[in-house]
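Q: no sequence on this one, just coordinates:
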């Protein structure tokens, strides 16, 4: 289970983003980041809300690490997330995924997540053996 905490950038126009503390899965250290409406200039002016996330490998690896991963709703949450399995090959040169859409059903569900103090989700990572 992962907990995204809200942060703000120090840019001229501050932007809201979310980040998890470091976590250990598959004997590697990881971090998840999330952003609202793909960091558009004024997400507060849009009634359509989306969240996208990025999985980042913080550990150094001796060989590429091919993984499948997905995020699902956390415990005691009533937010509906459609399971989507993503794939990525992590290496020292390519340690972070692009921002991927969090497959929330609609803007109302997204607003439920954003209204909470923290966002609690479940992360599943599977290593693909060759």
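A: Structure's in. What do you need? Just so you know, these numbers come straight off a predicted model, no measurement behind them.

Q: helices and strands of the chain: which one bottoms out on pLDDT?
A: The helix or strand of the chain with the poorest confidence is helix 107-115; it has a mean of 83 (mean pLDDT, DSSP states H and E).

Q: Mind listing residues that contact it?
A: 36, 47, 48, 49, 50, 51, 78, 79, 80, 81, 104, 119 (CB atoms under 8 Å, 6 or more residues apart in numbering). All C-beta spots, glycine's among them, are computed from the backbone N, C-alpha and C.

Q: Once you drop chain neighbours, what's closest to residue 58?
A: Among residues not flanking residue 58 along the chain, residue 29 sits closest, at 4.2 Å (CB to CB, 6 or more residues apart in numbering).

Q: which one in the contacts of helix 107-115 is the model shakiest on?
A: Minimum pLDDT for these is recorded at residue 47 (62).

Q: which helices and strands does the host helix or strand of residue 56 pack with?
A: Residue 56 is located in strand 51-57, with elements delineated by DSSP states H and E. Helices and strands touching strand 51-57, by 3 or more CB pairs under 8 Å, 6 or more residues apart in numbering; DSSP states H and E, are strand 28-36, strand 65-73, strand 86-90, strand 100-101, helix 107-115.

Q: now do 7 Å
A: With contacts taken as 3 or more CB pairs under 7 Å, 6 or more residues apart in numbering; DSSP states H and E, strand 51-57 sits against strand 28-36, strand 100-101.
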